[in-house]
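> What follows is a predicted structure for the sequence shown.
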Amino acid sequence: MNSIKDAKRKSHIIFGAGLIGCYLGGVLSSKGMDVGLICKPHIIKKLANGLKLTDYAGNLAHINKLRFVEKSSIGERCDFLWLTVKCTAIAQAAKEIKGFIKPETVIFCCQNGLGSEEVIKEHYPNNLVLRVMVPFNVAEIAPGHLHRGSEGTLAIEMSPAAHKEMIEAVAKSIDSDLMSVTTTNNMQALLWAKLQLNLGNSVNALADIPVKQMLEDRNYRLVIAAMMRELLAVTKVQNIQLPKVTAVPGKYLPLVLSLPNFLFKLVANKMLTIDPNVRTSMWWDLSQGKKTEIAHLNGAIVKAAEKLEIACPANKMIVSLIITAEKKNLEKVSRHPIRSKDLLRAIRIKR
Ligand SMILES: NC(=O)C1=CN([C@@H]2O[C@H](COP(=O)(O)OP(=O)(O)OC[C@H]3O[C@@H](n4cnc5c(N)ncnc54)[C@H](OP(=O)(O)O)[C@@H]3O)[C@@H](O)[C@H]2O)C=CC1
Ligand SMILES: CC(C)(CO)C(=O)C(=O)O
């Protein structure tokens, strides 16, 4: 299967279709591809009348009917399985996808952060397991209406070389105006670069405000910049060259984020060209009382830093604040947004 025509005929299952999975499922359905969604009953109910997809660039698609697949379905072994659960749900999902996997099934792991694909590789050592980097934000702006609020090209891991043509064909077959798709030979570095951007997630969740509003506040930006510096120290020691995923190269982001507000608005106006309602996936988790992906995001930096004996105080502090917030949610103790100057004080940065 090396041509786009062949790739378009293949069967896809999206396991754990929430924001990213339903958006991806909608794109594939809008292209007339064979795609089944496995999702929670409340999502099936919401999408009973179809799905509307929009994006920041004005693209639009209506999908009148989606195909939902039961977890117990027999004979639904697919060619491509897209795993779109959060990192926190990977271990359980690894067991539950078994009935959909045949020896040739390619499994795409679409999680943020580092390391979640390892669990899948352990369970399915004979399948091709590829990582996918999702750069853009998806939000549900009304029931059955998903909106992509930011730019970026979805990237599929190109590895090993023997599968090059197949992976390229898959990427081309799903590429669309609503979701541009590419492949990369350098997924590990790309995931570190994406992780750098995701350092805003925890601050966004603790601040409990939209991303745009968070970026307009220098104190929050200083906290994010401090965590980014630690990430950059870790990647430098490991000799990882971060690919450019934003208008400003990653190594200059801490500097730009630290600028006074008036200069930041001038230099980084592209960063602020973001839908005013966008919030990060960690905000959604925390606000819904769920466990967050902190261990795979900031936690992964702390883990790598410890191994390399690099100091990582800002990320450590943020991990502990998120864990405290998760505990409060669990114990139903009320939780207040952390103001920017308090957060800055917590990680002990002087302005
Ligand atoms: N949302 C975004 O804008 C972005 C997200 N990402 C990343 O993409 C990944 C997916 O995120 P996102 O789409 O936001 O997550 P969501 O929580 O919206 O979607 C995951 C869905 O999977 C469901 N699920 C979990 N376990 C199972 C299971 N065993 N069987 C069936 N369904 C299951 C969840 O249900 P329940 O909620 O009940 O557990 C949820 O509905 C994450 O790693 C995230 O960090 C990357 C870029 C942007
Ligand atoms: C796109 C981005 C960086 C912010 O929404 C994200 O990855 C997330 O929310 O987890």
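Thanks, I have it. Ligands and ions are numbered 1, 2, ... in the order given.
> The helix or strand harbouring Lys307: which residues count as buried?
In this assignment (DSSP states H and E), Lys307 forms part of helix 298-308. Under the neighbour-count criterion of 16 or more other Cβ atoms under 10 Å, helix 298-308 has 298-305 buried. In short, each C-beta sits where N, CA and C put it, glycine included.
> So that helix, near ligand 2 or not?
No - judged by Cβ under 6 Å from any ligand atom, helix 298-308 stays clear of ligand 2, getting no closer than 12.4 Å.
> what angle do the helix or strand just after that helix and helix 298-308 make?
Remark: after helix 298-308, the chain's next helix or strand is helix 313-330, criterion DSSP H and E. Angle of helix 313-330 versus helix 298-308, following axes from the mean of the first three to the mean of the last three Cα atoms, to 10 degrees, is 140 degrees.
> and helix 313-330 with ligand 2, contact?
No - Helix 313-330 does not reach ligand 2 (Cβ under 6 Å from any ligand atom); its nearest approach is 13.5 Å.
> residues in contact with the helix or strand just after that helix?
Next along the chain after helix 313-330, taking DSSP H and E as the criterion, comes helix 340-346. The set of residues external to helix 340-346 that reach it, using Cβ atoms under 8 Å, 6 or more residues apart in numbering, is 203, 206-207, 217-220, 222-223, 317, 321, 338, 351.
> that older thread, same for the helix holding Lys307, what does it pack against?
helix 187-207, helix 218-237, helix 313-330 (3 or more Cβ pairs under 8 Å, 6 or more residues apart in numbering; DSSP states H and E).
> can we see that at 6 Å?
Where contact means 3 or more Cβ pairs under 6 Å, 6 or more residues apart in numbering; DSSP states H and E, helix 298-308 is packed against helix 218-237, helix 313-330.
> Looking at those, which one is packed in the most?
helix 218-237 (a mean of 22; mean count of other Cβ atoms under 10 Å).
> pLDDT on the helix or strand just after that helix, on average?
Once helix 218-237 ends, the next helix or strand along the chain (criterion: DSSP H and E) is helix 253-257. When pLDDT is averaged along helix 253-257, the result is 97.
> Over to stretch 154-163?
89.
> Keeping just the C-alphas, turn it into CSV.
The C-alpha trace of stretch 154-163 is given here as CSV (Å, rounded to 0.1, in the frame of the first residue of the first chain):
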residue,chain,number,x,y,z
LEU,A,154,0.1,17.5,12.2
ALA,A,155,3.3,15.4,11.9
ILE,A,156,3.6,11.6,11.6
GLU,A,157,6.7,9.9,12.6
MET,A,158,8.7,8.6,9.6
SER,A,159,10.3,5.5,10.9
PRO,A,160,11.7,3.0,10.1
ALA,A,161,12.8,3.7,6.6
ALA,A,162,11.3,0.5,5.2
HIS,A,163,7.8,2.0,5.7
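> which residues of the stretch 201-350 of the chain score low on pLDDT?
349-350 (pLDDT under 70).
> so how many other residues sit close to the residue of the chain found nearest ligand 1?
The nearest approach of the chain to ligand 1 comes at Gly18, 1.8 Å away (Cβ to the nearest ligand atom). The tally of other residues near Gly18 (other Cβ atoms under 10 Å) stands at 20.
> Equivalent analysis for the one 3 residues further on, please.
Neighbours of Gly21 under the rule other Cβ under 10 Å: 22.
> how about it, what does it touch?
By Cβ atoms under 6 Å, 6 or more residues apart in numbering, the contact set of Gly21 is 14, 84.
> what distance separates the helix or strand where it lies from the centre of its chain?
Using DSSP H and E, Gly21 sits in helix 19-30. Centroid separation between helix 19-30 and its chain, computed with Cα atoms, centre = their mean, to the nearest Å, is 14 Å.
> quick one, domains of this protein?
Domain assignment of the chain by automatic domain parsing yields the ranges 4-185, 189-346.
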